[in-house]
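Undergrad: Kindly generate the corresponding structure for this input.
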Amino acid sequence: MVTPTVKQRSPALLWIYLGFLGHVMALVLFDVGMFPVKPVTIDTAKWNDYGQEPGTMQDLSYGRVFKKVVVMLIDGIRADVVWSDNKLMPFTCSLLDSGKGVGFVTLAHSPTVTLPRIKAILTGSVPLFSDAILNVQDMSGLSDDNWLEYAKQEHGSRVVAYGDNIWGALFPEQGAFLRSEWVVSFFVSDFVNVDLNVSKHVSREMQEADWDILVLHYLGLDHIGHFEGPSSSHVPGKLLEMDAIVQEIYKSLDDDSLLLVLGDHGTGDGGGHGGSSAAEVRTPALFLSPRFESSLFPHVPGKHMGVVDQIDLASTMSILLGVPIPLSNMGRLVTGFLEHVYADEPLEFLRCLAANTRQLLGAVNASSLSLAQKESFLSRHTALVSLHGALVQRVSQGIAESAVLSQSKDLIIAYTNLLQSINSVLVQSSVSYDGLAMAAALYLLVSIPLLCALHLLFPAFVTYLVSSSSLLLFSGLISSFAQVSACTSLALGQSAWLCSVSLFSTPVVLLLFVITTLNIGLVFAAMLYWSQQRPAGEKFRWPTISVSVPCAGLLAGTCCHLATLGASSFVEEEHQVWYFLSMSFLLGVLVQKSSNVLSLSRSSSGSASCVATVRTEFISCCLSVALFRLVRSWNQTGDKWLHLPDVSAWLADESRIPSRSLLGGLALLVVGYSFFHRARQARIPGWHLLLLLPSLLFVYLTRSAMRQFYFPPSLLHYLSTDGYYEAHVVYCVCIFIILLETVKVMLGVFRSKPLHSGGTPGSG
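TA: Numbers count the residues shown, from 1 in each chain. Got it, this is the predicted structure:
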């Protein structure tokens, strides 16, 4: 066999390297455009940022409403579990129904994962999808200003926190918390200990007087949702457990204390979260305090007070704690709650509304909104300041109290409408995708395979282009003009990453220039070649490509699937498209194999081994179709067909523990036998079996400890409560085998002798 020379391989390798580099850069470029990084707010809010109170010469500020605040965050709690007919949290519902507390439904913005939601609650800003990536990585702390830090700076508030270790990552500095203890959030099979490790501190902390803010972050309900779904039988018991904690905390509070019970996100019908379905974005926010009397809030039993944005909690908590509103805040005050808290002090509430308005106007001035929008908000605010100042002057002159209440209500409505307008515009403009980067990434993904195909199918065009320096120069000028036009265009180039000069953007811009030059040059090269250089009488012929019918169908289906990704409803049910395409492909292969079997059976020329091979392939295809159909019905996902019965739901029923145990045991035996059979063929060392077989046993014990497999009741006390230690044995054995085999392979590589070029094995 003749080995290709370096010259013969260089063009192919060049295109392979170019294609690989281009696809990597295209993916990075698309991520840059799709997941922009929000600029960090370096400054901090100050009281003098709000200016003077309308009608007076005093600074605009407001007092502290509560001296102690308990923030109880129940991870993954949905709004419908609080306001349901079943009263899953009886004590909490009794406080709301009697008017001793007030509850709202908060709407969380996507992505509905814990880290972005905590940032939204603390800062009032709308986190981006890049924060969802940081949700599973180490963080260097919360960079934006937030009301928790302001409470420590303004009043010297001492903060105690227990629960999710995300809080420790957000505030990693020494002394951030007076006391703290964290739990890990990724052991989703743990429903019990992850909350008990938080609740064990509640009784003691409620007796302590050295803290001002207590943060309790419970993860058990979220773990149940991930592991078993929101309809799990463990949910009612977990909600009763949370309700008992609410009761214990509430009975320990005084009139100067507030208990805020809230969720960071909900739980989808499938048990997960991160999207924008109603079950994932609707969470409760309950304000509970012994100060609230039954006549303070207009309440209807079983109903909430309204729907607000989750980012509104940041400005509201700033008011209640008497601290400046964070500069990055985009939320507005929860007027449905605060107007009743300040029912006897309408001017104080107007002062809070004025501070929130001026803070949002500062965010408007710092944003990229149009000048017309900014002037519109400023003119409306100027009119409100005039009315507000006139009311304050009338009060100083002794206006009747009834007139003050009447005029203050009109001003409150006007302030609320202005805040709502500013809030909606800021939220819409907060996520600014880099359309130029995303378009360039798609262009790279399409252009590079096209260039490779042209090089393989029409090499004469590429040769003609490379040999013509004037054509390359002309194409490069057109490419440069296109890139300069894109960056100088107001619609495309504004804040575009590709139009900036940096260490990371420059290589991507150069690659785009090369690809665009080649694309433009190939178009002109094809035109010039067929008009000048083609041999006389030669006609254009498309190259023939042989593709099997199943592969052609799969390729066409993949192209159709790419077109469906433009609609969110198709994205949510994307798996259904892949199910259809995969089954169609398997059926096409099955039809092809069956025709081969029929043709060989009718023909007498085929050998016995050939017939046996074709029949084996046919049987394998039949088994693949059957198994794929079983896998498809194993677990219903998505949104539209989630309610349909499936195999996993049938097995999840508690009455079918024997069936689960039998199937699980058989599966483990099959795995063990397969490994043993493979070990004998490949001569795998016996110590692998000594490690693997006990690991399979511990897999069964892990499920038994979680009450999913049968285990003798008299021996259950030998297992852990949640399978934590049994699972760790399996993990440690697997990691040990992987590390040992890796070391073995590496030693084999270093000990092997290099092959000498130009010789044959054994020639020396």
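
Undergrad: So what's the residue count around the residue lying closest to Gly229 once chain neighbours are set aside?
TA: Using C-beta to C-beta, 6 or more residues apart in numbering and skipping residues adjacent in sequence, the residue nearest Gly229 is Gly271, 3.9 Å away. Where C-beta positions appear, they are placed from N, C-alpha and C, glycine not excepted. Neighbour count for Gly271, taken as other C-beta atoms under 10 Å: 20.

Undergrad: cool, and the one 3 residues further on?
TA: Here the neighbour count serves as a burial measure; for Gly274 (other C-beta under 10 Å) it reads 16.

Undergrad: Return stretch 700-714 as CSV; C-alpha atoms alone will do.
TA: C-alpha atoms of stretch 700-714 as CSV (Å, rounded to 0.1, in the frame of the first residue of the first chain):
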residue,chain,number,x,y,z
TYR,A,700,-28.9,-2.4,45.0
LEU,A,701,-28.3,-1.4,48.6
THR,A,702,-28.4,2.3,47.6
ARG,A,703,-31.8,1.9,46.1
SER,A,704,-32.9,-0.2,49.0
ALA,A,705,-31.9,2.5,51.5
MET,A,706,-34.0,5.0,49.4
ARG,A,707,-36.9,2.6,49.8
GLN,A,708,-37.1,1.9,46.1
PHE,A,709,-36.0,-1.7,46.1
TYR,A,710,-37.1,-4.5,48.5
PHE,A,711,-34.9,-5.2,51.5
PRO,A,712,-35.7,-7.3,54.6
PRO,A,713,-37.3,-4.9,57.1
SER,A,714,-35.3,-6.4,59.9
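
Undergrad: Can you list the buried residues in that stretch?
TA: Applying a neighbour-count criterion of 16 or more other C-beta atoms under 10 Å, one finds Tyr700, Leu701, Thr702, Arg703, Ser704, Ala705, Met706, Gln708, Phe709, Tyr710, Phe711 buried in stretch 700-714.

Undergrad: as a whole number, average confidence for it?
TA: Mean pLDDT, stretch 700-714: 85.

Undergrad: and what of stretch 216-224?
TA: For stretch 216-224, mean pLDDT rounds to 93.

Undergrad: likewise stretch 196-203?
TA: 94.

Undergrad: Equivalent analysis for stretch 723-734, please.
TA: Regarding stretch 723-734, the rounded mean pLDDT is 83.

Undergrad: Kindly report the same for stretch 447-460.
TA: For stretch 447-460, mean pLDDT rounds to 74.

Undergrad: Which helix or which strand is home to the nearest residue to Phe474 once chain neighbours are set aside?
TA: Nearest residue to Phe474, sequence neighbours excluded (C-beta to C-beta, 6+ apart): Phe524, at 7.3 Å. Using DSSP states H and E, the element containing Phe524 is helix 505-528.

Undergrad: which helices and strands does that helix pack with?
TA: Packing partners of helix 505-528 (3 or more C-beta pairs under 8 Å, 6 or more residues apart in numbering; DSSP states H and E): helix 6-34, helix 435-457, helix 459-467, helix 469-488.

Undergrad: Figure out which of the ones you listed is closest to Ser252.
TA: Distance to Ser252, taken as C-beta to C-beta, is lowest for helix 6-34 among the helices and strands packed on helix 505-528, at 47.3 Å.

Undergrad: which element follows that closest one toward the C-terminus?
TA: Sequence order places strand 68-74 as the next helix or strand after helix 6-34, per DSSP H and E.

Undergrad: Neighbouring strands of that following strand in the sheet, and parallel or not?
TA: With DSSP bridges as the test, strand 68-74 is paired with strand 213-218 (parallel), strand 257-262 (parallel).

Undergrad: follow-up on the earlier one: among the buried residues of stretch 700-714, which two are most distant?
TA: Across the buried residues of stretch 700-714, no pair lies farther apart than Thr702 and Tyr710, at 13.6 Å, counting by C-beta to C-beta.

Undergrad: for this structure, what helix or strand is lowest in average pLDDT?
TA: helix 490-493 (a mean of 47; mean pLDDT, DSSP states H and E).

Undergrad: all helices for the stretch 601-750 of the chain, in order.
TA: Along the stretch 601-750 of the chain, the segments classed as helices by DSSP state H, counting those that start in this stretch run 608-632, 647-652, 657-682, 686-705, 724-751.

Undergrad: Confirm for me that Ser315 is in contact with Thr335.
TA: No. With contact defined as C-beta atoms under 8 Å, Ser315 does not count as touching Thr335 (10.7 Å).

Undergrad: more crowded one of those two?
TA: More neighbours surround Ser315 than the other of Ser315 and Thr335, with 27 against 23 (other C-beta under 10 Å).

Undergrad: Excluding covalently adjacent residues, which one is nearest to Leu426?
TA: Met330 (4.5 Å).
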